[in-house]
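Peer 1: Below: sequence and its predicted model.
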Number of protein chains: 2
Amino acid sequence: MGYYIGVDLGGTNVRVAKFDENYNLLQEFIEESHGSSGPRELVRDTIFSMLDRVENIENCKGIGVAIPGPVDVKRRVMSIANNLPGFENYPLASMIEEKYKLPVMLENDANVAGLAEALNGAGKGKDIVYYITHSTGIGGALIVNGKIISGQMGFAGEIGNIIVKDNGQEGRYLNPGAIEAESSGSALTRKAKIIYGDNADSKYLFEMARNNDPKAIALIDDMANDMGRLLATIGQIIDPDIFVIGGGVSNNSDYYWPQMIEAYHKYFNGIKYAEIKKAELKEPGVLGAALLVKGV
Amino acid sequence: MGYYIGVDLGGTNVRVAKFDENYNLLQEFIEESHGSSGPRELVRDTIFSMLDRVENIENCKGIGVAIPGPVDVKRRVMSIANNLPGFENYPLASMIEEKYKLPVMLENDANVAGLAEALNGAGKGKDIVYYITHSTGIGGALIVNGKIISGQMGFAGEIGNIIVKDNGQEGRYLNPGAIEAESSGSALTRKAKIIYGDNADSKYLFEMARNNDPKAIALIDDMANDMGRLLATIGQIIDPDIFVIGGGVSNNSDYYWPQMIEAYHKYFNGIKYAEIKKAELKEPGVLGAALLVKGV
């Protein structure tokens, strides 16, 4: 029996968990990440002290670490670190490896979430899984036969920048009309505030749409159309067996998925549409991180 | 030393060639495909009679077959066969396997061309190769660590249907504003005829642009922008090490690639752009077909 450790290093919390090879959670710790105090303190005071509490860590097969941003998986460093100041090119993996004498792998958080969903969630048993997190931002992950395709510098899956509207909304670090600028949770919140005032957000927009407010319905339908177009674009490039969609916005799947699926079918040229399912795992990050070192 | 056979079944010609494991061509035959006479005749009178001429075929490791259309690689049949009437779901692979008692694999022609370029052409030595054929139509292929990612039904790489202009040109089996309707060789020919009359084609359009005709320059610049946007879209999904671009239109790379690359850089959000190279192989199809059975 092998044991695997996952570390999910988020902007807000750090999770550390130990799993057996059947994906059973054996131990879990959660602490605040205090991202602003710098990488050296975060590694020493938080990550190391959490890993020190893992039982029999010396008998584990390895440690996988999930990070919020693109990762150069060959060099095992973050390519850019907008959400974790100081971590760009920081030798986190080497430091953990040196201290615990275990293999360490680093990956982007959306990619490991996709890996967890592919191996033990909604995508289980499928060869080609495309995972999308539809949340504040929009990210993706491509998993082929249980392996993440991360890209030369970890930018595979940075799908938020794909254009869905010519001359559309401007966004920071984004193409005008990029799907993240048009249809992410934060884009919906921005649009909701314009109509309903500063207290409105994406949740309120869905409430108003469910209450048959025509303005809200039009905005949600437009978002659903953008998402369907994105699925079709990914489909023409990958033709996955399944799309697994998670993230806060997707909690309203009962409301907007019918329109999204209709748009996907309209824009996709093929003979069989990919299955589309909701993500199933509550905390895919820390399990997916552990799976990085499972060598499946 | 192993020997491998490739069959490239095109709408016009059939090629059969024998290679050694160092990609050396040992024997090659070319005949017309007479596509219209039906699959049974084509297999018996052309493919079998060509394979019968391969020396020591019984000592070869296998036969790979390239086909012009999407292939269901698990079932080893064409998913649709617009260019080879009668071949949809036709058991070509089983028939060849039964007669020659060798492993037979079937794949789409753009995918095998990409495989050949990845293993022995412009993409040699790269982990993630994205191949694009920019010809009458526009197709693509994703090769990761020497393996084609074909998709659940062989529609991975059917990138001609990706939208690059909202409310753009209509096309048969294509989204309005799809890149194949806007910027393929046949789209350029269509646009050339509108300006210069029925004898004009895409080649003539390039000639006029090189002669500084502003209308031709504007059309080519627009095509280059579409292609750059396509590269960026693929980049956000795959982040390949290299794009390898072949096909007739790319023979004008000296003229339009600078604009295309500028657009790719503008639309791509990453920290390192993929290399972009011209395809190197003259006949990638038949070599790529043979490589299907090489098991590299």
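Peer 2: That came through, no problem. Numbers count the residues shown, from 1 in each chain, chains lettered A, B, ... in the order given.
Peer 1: Pairing partners for the residue nearest to A:I5 when sequence neighbours are not counted in the sheet, please.
Peer 2: Closest residue to A:I5 in three dimensions, ignoring its sequence neighbours and counting by CB to CB, 6 or more residues apart in numbering or on different chains: A:I63, at 4.5 Å. Every residue, glycine included, has its C-beta placed from N, CA and C. Here A:I63 sits in beta bridges with A:I5, A:V104, going by DSSP bridges.
Peer 1: Need the pLDDT of A:I63.
Peer 2: Per-residue confidence for A:I63 comes out at a pLDDT of 98.
Peer 1: ok, which stretches of chain A are helices?
Peer 2: All helices of chain A, identified by DSSP state H, fall at A:39-41, A:49-51, A:92-100, A:109-120, A:179-183, A:185-196, A:202-210, A:214-238, A:253-267, A:284-292.
Peer 1: can you pull the contacts of the residue nearest to A:I5?
Peer 2: Applying CB atoms under 8 Å, 6 or more residues apart in numbering or on different chains, one finds that A:I63 lies in contact with A:I5, A:G6, A:V7, A:L51, A:I96, A:E97, A:Y100, A:L102, A:P103, A:V104, A:M105, A:V293.
Peer 1: Among those residues, find me the one that's closest to chain B.
Peer 2: Of all the contacts of A:I63, the one sitting nearest chain B is A:M105; the distance, using CB to the nearest CB, is 16.4 Å.
Peer 1: Now do the residue lying closest to A:K61 once chain neighbours are set aside against chain B, distance only.
Peer 2: With CB to CB, 6+ apart as the measure, A:G2 is the residue that lies nearest to A:K61, at 4.7 Å, once sequence neighbours are left out. In this structure, A:G2 lies at 25 Å from chain B, with CB to the nearest CB, to the nearest Å as the measure.
Peer 1: do the same with A:D45
Peer 2: For A:D45, the distance to chain B under the criterion CB to the nearest CB works out to 29 Å.
Peer 1: Flag every residue of the stretch 151-296 of chain A that's near chain B.
Peer 2: A:151-163, A:165-166, A:173-175, A:229, A:232-241, A:267-272, A:274 (CB under 8 Å from any CB of the partner chain).
Peer 1: can you check the stretch 1-150 of chain A too?
Peer 2: Selection of the stretch 1-150 of chain A residues close to chain B by CB under 8 Å from any CB yields A:P70, A:S79, A:I80, A:D127, A:I128, A:G140, A:L142, A:V144, A:I149, A:S150.
Peer 1: For the nearest residue to the first one once chain neighbours are set aside, the count of nearby residues, please.
Peer 2: Setting aside the residues directly before and after it, A:P70 is nearest to A:G154 in space (CB to CB, 6+ apart), at 3.6 Å. By other CB atoms under 10 Å in any protein chain shown, 29 other residues sit near A:G154.
Peer 1: Identify the residues contacting A:G154.
Peer 2: For A:G154, the residues meeting the contact criterion (CB under 8 Å, 6+ apart) are A:G69, A:P70, A:V71, A:D72, A:V73, A:M78, A:S79, A:N108, B:D239.
Peer 1: May I ask which two of the residues you listed are separated the most?
Peer 2: A:M78 and B:D239 (14.6 Å; CB to CB).
Peer 1: need the contact list for A:L219.
Peer 2: Contact analysis of A:L219 by CB under 8 Å, 6+ apart lists A:L188, A:K191, A:A192, A:I195, A:L205, A:A209.
Peer 1: who touches the helix or strand of chain A with the lowest mean pLDDT?
Peer 2: Counting by mean pLDDT, DSSP states H and E, the weakest-scoring helix or strand in chain A turns out to be helix A:39-41, with a mean of 89. Counting by CB under 8 Å, 6+ apart, helix A:39-41 makes contact with A:H34, A:L84, A:G86, A:F87, A:Y90, A:L92, all of which sit outside it.
Peer 1: again, 7 Å this time
Peer 2: Outside helix A:39-41, the residues within contact range by CB atoms under 7 Å, 6 or more residues apart in numbering or on different chains are A:G86, A:F87, A:Y90.
Peer 1: What of stretch A:4-21?
Peer 2: Under the criterion CB under 7 Å, 6+ apart, residues A:1-3, A:25-33, A:35, A:46-47, A:50-51, A:54, A:57, A:60-68, A:83-84, A:109, A:283, A:285-287, A:289-290, A:293-294 lie in contact with stretch A:4-21.
Peer 1: got the end-to-end distance for it?
Peer 2: 7 Å (CA to CA, to the nearest Å).
Peer 1: what distance separates it from the centre of its chain?
Peer 2: For stretch A:4-21, the distance from its own C-alpha centre to the chain's C-alpha centre is 15 Å (CA atoms, centre = their mean, to the nearest Å).
Peer 1: Buried ones in that stretch, by neighbour count?
Peer 2: Neighbour-count burial for stretch A:4-21, counted by 16 or more other CB atoms under 10 Å in any protein chain shown, picks out A:4-10, A:14-19.
Peer 1: Where is pLDDT lowest across the residues you listed?
Peer 2: For those, the weakest pLDDT value sits at A:G10, with 88.
Peer 1: List the contacts of the residue nearest the centre of chain A.
Peer 2: By CA atoms, centre = their mean, chain A has its centre lying nearest to A:A110, at 2.4 Å. For A:A110, the contacting residues are A:T133, A:G139, A:G140, A:A141, A:G157, taking CB under 7 Å, 6+ apart as the criterion.
Peer 1: Next, work out how far apart it and A:T136 are.
Peer 2: For A:A110, the distance to A:T136 (CB to CB, to the nearest Å) stands at 12 Å.
Peer 1: just to revisit the earlier point, of the residues of the stretch 151-296 of chain A next to chain B, keep whichever come out buried.
Peer 2: By the neighbour-count criterion of 16+ other CB under 10 Å, those include these buried positions: A:151-163, A:165, A:174-175, A:229, A:232-241, A:267-270, A:274.
Peer 1: Since that was my last question, I'll sign off now.
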